[in-house]
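**Q** what would the 3D arrangement of this be:
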Amino acid sequence: MTISWLVAGTVAIALLFDFINGFHDSANSIATIVATRVLRPFHAVIWAAFFNFIAAMFLGTGVASSISKGYVDPKIVTPELVLAGLLGAIVWNLITWWLGLPSSSSHALIGGYAGAAVAKAGLGALVPGKWPMTLSFIVLSPLIGMALSYLMMLIVHWTFRHTAPAKSDKFFRRMQLVSSALFSCAHGTNDGQKTMGIITALLVAAKLQKGSHIQTWVIVSASIAISLGTMSGGWKIVKTMGSGLTRLKPRGGFCAETGAALSILFPTYLGLPVSTTHAIAGAIAGVGSTHRRKAVRWGKAREIVWAWVLTIPCAAFVAAICYIVVRMFAPAA
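**A** As a prediction, the model looks like this:
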């Protein structure tokens with residue numbers, strides 16, 4: 001079977017999206033560990049990239065399978081549709097990165113994919129199965145992260161109430177290496193799989209494979225792309241996440257990363273793509289709330305929430321326009 005330039009180019013753009021996902025969402029993996037000065041930014045991105053790669057390679061492909069067949073009817077998927085969906089997601093990611101807003105790359109990709117599908121075949125192109133749970137986790141993910149980190153902070157405060165602050169800080173600086181690695185693994189095994197699913201949908205549409213199994217070369221290339229993106233860093237978003245919401249100490253960073261990781265790993269087990277951005281932002285707010293309500297900069301939080309709400313429809317709108325443009329150059333789409 002020959003691979004057309006359109007398919008090869010779309011695979012390249014999918015990997016570009018994965019790279020952008022890496023530097024856009026690298027803030028999620030490293031913001032807290034940088035804000036608490038446990039690691040310098042360069043060392044933090046290397047640390048996060050390593051665990052992103054390990055997780056994306058070895059912790060299953062349930063989310064990838066969901067993306068490839070759970071949101072858009074595979075019967076109407078074409079390489080042109082996948083290309084338009086990716087372009088919509090990339091444009092929205094770059095806009096929010098430029099503005100320093102930690103929006104969800106996951107929802108940008110899902111929204112872009114859906115927008116291109118609706119532009120081609122109307123609302124009937126969407127598969128209803130996964131949508132209710134995915135949309136509900138826009139609300140649930142940050143709330144779960146917030147609740148878990150809040151509870152963990154209370155436990156930590158009570159457990160270390162008689163420990164000197166300098167001694168407990170030293171302990172949690174070490175523990176943050178563990179919690180940051182755990183969160184990076186959660187990011188890799190959820191976010192890292194989304195591009196794998198899109199590439200698989202493309203290969204099925206182009207009749208280059210049968211079934212929705214994820215090929216090894218897809219797993220390896222997507223894992224490398226997101227890891228390289230993470231290594232490039234996303235410093236505007238690091239600043240927003242690390243200090244824009246609240247001020248963090250090592251114990252708070254540990255609780256935020258651990259709470260967010262747990263809130264991601266559960267839906268990942270169910271094969272649901274969720275936003276790592278939402279989870280860590282909610283967890284950081286939960287940590288800040290244990291001090292006092294004003295410790296959280298709720299104005300910045302509102303900006304972030306608006307970015308969350310707008311991501312799916314905006315990425316869908318951009319992707320729909322991209323699909324119309326693609327059709328002009330590929331009338332058979």
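
**Q** mean confidence score for the helix or strand containing residue 177?
**A** Per DSSP states H and E: residue 177 is located in helix 165-205. Helix 165-205 shows a mean pLDDT of 83.

**Q** does anything pack onto it? Which helices or strands?
**A** helix 5-35, helix 41-58, helix 62-69, helix 79-99, helix 105-121, helix 216-232, helix 250-269, helix 276-289 (3 or more C-beta pairs under 8 Å, 6 or more residues apart in numbering; DSSP states H and E). C-beta coordinates here come from the backbone N, C-alpha and C atoms, glycine included.

**Q** any chance of those helices in JSON lines, with distance to residue 170 and mean neighbour count too?
**A** Shown next, in JSON lines, are the helices and strands packed on helix 165-205 (distance: least, C-beta to C-beta, whole Å; neighbours: other C-beta atoms under 10 Å):
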{"stretch": "helix 5-35", "distance to residue 170": "15", "mean neighbour count": "24"}
{"stretch": "helix 41-58", "distance to residue 170": "18", "mean neighbour count": "21"}
{"stretch": "helix 62-69", "distance to residue 170": "37", "mean neighbour count": "24"}
{"stretch": "helix 79-99", "distance to residue 170": "35", "mean neighbour count": "24"}
{"stretch": "helix 105-121", "distance to residue 170": "35", "mean neighbour count": "28"}
{"stretch": "helix 216-232", "distance to residue 170": "27", "mean neighbour count": "21"}
{"stretch": "helix 250-269", "distance to residue 170": "8", "mean neighbour count": "26"}
{"stretch": "helix 276-289", "distance to residue 170": "19", "mean neighbour count": "30"}
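
**Q** and residue 130, which of those is closest to it?
**A** Ranking those by proximity to residue 130 (C-beta to C-beta) places helix 62-69 first, at 5.9 Å.

**Q** between the closest one and helix 41-58, how many degrees?
**A** Computed with axes from the mean of the first three to the mean of the last three C-alpha atoms, to 10 degrees, the direction of helix 62-69 lies at 70 degrees from that of helix 41-58.

**Q** elements contacting helix 62-69?
**A** On a contact count with 3+ C-beta pairs under 8 Å, 6+ apart, helix 62-69 meets helix 105-121, helix 165-205, helix 250-269.

**Q** now render those as a markdown table, adding distance to residue 326.
**A** Formatted as a markdown table, the helices and strands packed on helix 62-69 follow (distance: least, C-beta to C-beta, whole Å):
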| stretch | distance to residue 326 |
| --- | --- |
| helix 105-121 | 8 |
| helix 165-205 | 14 |
| helix 250-269 | 32 |
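
**Q** pLDDT weak spots in the stretch 51-200 of the chain?
**A** Scanning the stretch 51-200 of the chain with the threshold set as pLDDT under 70 gives 56-57, 60-61, 100-103.

**Q** and of the helices and strands packed on helix 165-205, who's closest to residue 157?
**A** Nearest to residue 157 among the helices and strands packed on helix 165-205 is helix 250-269 (8.1 Å), distances taken as C-beta to C-beta.

**Q** re earlier: distance between the helix holding residue 177 and the chain's centre?
**A** Distance of helix 165-205 from its chain centroid, counting by C-alpha atoms, centre = their mean, to the nearest Å, is 10 Å.

**Q** now do stretch 223-231
**A** In terms of C-alpha atoms, centre = their mean, the centre of stretch 223-231 is found 13 Å from the chain centre.

**Q** got the CA positions of that stretch in PDB?
**A** This file holds the C-alpha atoms of stretch 223-231, laid out as PDB (Å, rounded to 0.1, in the frame of the first residue of the first chain):
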ATOM      1  CA  SER A 223       6.000   9.600  22.900                       C
ATOM      2  CA  ILE A 224       9.200  11.200  21.500                       C
ATOM      3  CA  ALA A 225       7.300  14.200  20.100                       C
ATOM      4  CA  ILE A 226       5.500  15.000  23.400                       C
ATOM      5  CA  SER A 227       8.800  14.500  25.300                       C
ATOM      6  CA  LEU A 228      10.700  16.800  23.000                       C
ATOM      7  CA  GLY A 229       8.000  19.400  23.300                       C
ATOM      8  CA  THR A 230       8.100  19.200  27.100                       C
ATOM      9  CA  MET A 231      11.900  19.700  27.000                       C
END
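
**Q** now residue 160: how far from residue 168?
**A** Using C-beta to C-beta, to the nearest Å, one gets 5 Å for the distance from residue 160 to residue 168.

**Q** mutual contacts of those two, please.
**A** When contacts are counted by C-beta atoms under 8 Å, 6 or more residues apart in numbering, residue 160 and residue 168 are jointly contacted by residue 251.

**Q** who has more neighbours out of these two?
**A** Using other C-beta atoms under 10 Å, the more surrounded residue of residue 160 and residue 168 is residue 168, with 19 against 16.

**Q** is it true that the more buried one touches residue 161?
**A** No - checked against C-beta atoms under 8 Å, the pair residue 168 and residue 161 is beyond contact range at 9.7 Å.

**Q** helix/strand/coil for the residue lying farthest from the centre of the chain?
**A** Distance from the centre of the chain peaks at residue 162, with 38.3 Å (C-alpha atoms, centre = their mean). Put simply, residue 162 is coil when judged by DSSP: H, G, I helix; E, B strand; the rest coil.
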